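Visitor: the following block contains a protein sequence and its predicted model.
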Amino acid sequence: MGQAWDRRRLEPFASRISVWKAGKYLDLRAVQGATWDRTDPFLYYHHHPAKREIRAGPHAVFLRLRKLLLEGDDHFLTAADVFASKYGLLGHFHHAYSAPILPKHKRYISPEAVIEDGRLKLVDPTREGLELVAKAVDDSRPPGWRRFTRTDDALVAMPEEVRFAAKDRLRYADDPSGRPLSTSRSESWEEARTGYEALFLFNPERQAKSSVLVRSESIFIWQSVLLDFPTPPLDTEERWPFWAQLMNEWLVDISPMVTREQGGKLAPAWRCNSLLQAMYLMLWLDLIRGSELRECGCHDCANYYRVGPQTNSKYCSERHAYRAAKRMQRGKVP
């Protein structure tokens, strides 16, 4: 009974990750004129301990993408674009760099872009950007407070004034501060954005504090991340130490939090910084729930699916199980 209670306790799940994504990518670059919207990758994360689930989450689809890469499949790039169009880019920028570092006494960043009715619109930080910040600050202040004036412009940093510290990948952090920042290297916004086609996006939900919008990621970054992404089974003697260290490194910046559900009830949640970090959290959740991802036993199927601890299925669906049985009856490979 206690074991069943523990399993149910893990079911209520909320996250605080909202990824901006374009409706279409080509070579992992947002197509000009594409629509933009927010998505939560956990909307695609389904878990039932007693069922075989092919729609297990983006981490299962990511494993399929990894298989295409290892096999040298000609459709790999197209599949990567389809993945990004549904789930968004990996968010590698946020793992390479710190949060924006503003000059002393400055609190806001004037944006370079805004999303209106799903369309990305560039704005002049010295004019429209300042107006957007001023309006957002005024809207967030209680009635009767002093309004944002021209003298307050000194609180707003222009994009070229912002710097980023590189995250130190050579020192794995064992302390609560998370992954340490490099003490020897910081980069300007122009340097940091290179390769990502990044913009400071106006974000009124963050009290006028602009956020980094990444429009492009290198296919080489994706290939490197895919090759390192843990593949089932995770408990092999040969690979487990490497995967355990890698997973711990990605999990270290994830933090628990409390959110409020509809009706006012408090519920546990998690805060993630990127899609890639969310996928590592999904792997961890599968692990603690006693579930695992498996590759479909059909030789011509690249799907990965989740099974519970009581499931012995070798195939992603009943249809593929039937197909494999027929092939074996004929003396063929499943």
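Guide: Thanks, I have it.
Visitor: give me the low-pLDDT residue ranges for the stretch 101-250 of the chain?
Guide: Scanning the stretch 101-250 of the chain for pLDDT under 70 picks out 168-184, 207.
Visitor: now the strands for it?
Guide: 108-109, 113-116, 119-122, 156-157, 163-167, 181-188, 199-201, 211-213 (DSSP state E, counting those that start in this stretch).
Visitor: contacts only, for the residue nearest to the spatial centre of the chain.
Guide: The residue lying closest to the centre of the chain (CA atoms, centre = their mean) is residue 275, at 0.8 Å. Contacts for residue 275 (CB atoms under 8 Å, 6 or more residues apart in numbering) come out as 17, 19, 41, 58, 87, 88, 89, 90, 91. Bear in mind the C-beta positions are built from the backbone N, C-alpha and C, glycine included.
Visitor: these two touch, right, the first one and residue 38?
Guide: Same thing as residue 17. No. The criterion here is CB atoms under 8 Å, and residue 17 misses it with residue 38 at 9.8 Å.
Visitor: and these two? Which one has more around it.
Guide: Ranked by neighbour count (other CB atoms under 10 Å), residue 17 and residue 38 place residue 17 first, with 22 against 12.
Visitor: could you list the domains of the chain?
Guide: As assigned by automatic domain parsing, the chain contains the domains 11-86+217-329, 94-213.
Visitor: and stretch 28-43, which residues are buried?
Guide: For stretch 28-43, the neighbour count (16 or more other CB atoms under 10 Å) marks 28, 29, 30, 34, 36, 39, 40, 41, 42 as buried.
Visitor: which ones among these map onto strands?
Guide: 29, 30, 36, 39 (DSSP state E).
Visitor: what mean pLDDT does the host helix or strand of residue 278 have?
Guide: Assigned by DSSP states H and E, residue 278 belongs to helix 275-288. For helix 275-288, mean pLDDT rounds to 90.
Visitor: now stretch 26-42
Guide: For stretch 26-42, mean pLDDT rounds to 93.
Visitor: quick revisit: for residue 67, see how far away the residue nearest to the centre of the chain is.
Guide: Remark: distance between residue 275 and residue 67 (CB to CB, to the nearest Å) = 19 Å.
Visitor: direction included, what does the helix or strand following the helix holding residue 278 pair up with?
Guide: Later in the chain than helix 275-288, the nearest helix or strand by DSSP H and E is strand 292-295. With DSSP bridges as the test, strand 292-295 is paired with strand 304-307 (antiparallel).
Visitor: what residues does the partner strand touch?
Guide: Here strand 304-307 makes contact (CB under 8 Å, 6+ apart) with 47, 52-54, 56-57, 60-61, 63-64, 232, 286, 291-296, 313, 316-317.
Visitor: helices along the stretch 51-200 of the chain, start to end?
Guide: Shown for the stretch 51-200 of the chain, the helices assigned by DSSP state H, counting those that start in this stretch span residues 58-70, 76-87, 93-96, 130-140, 189-193.
Visitor: what sits against the nearest residue to residue 203 once chain neighbours are set aside?
Guide: Nearest non-adjacent residue to residue 203, counting by CB to CB, 6 or more residues apart in numbering: residue 211, 4.6 Å away. Applying CB under 8 Å, 6+ apart to residue 211 gives the contacts 200, 201, 203.
Visitor: many thanks, we can stop here.
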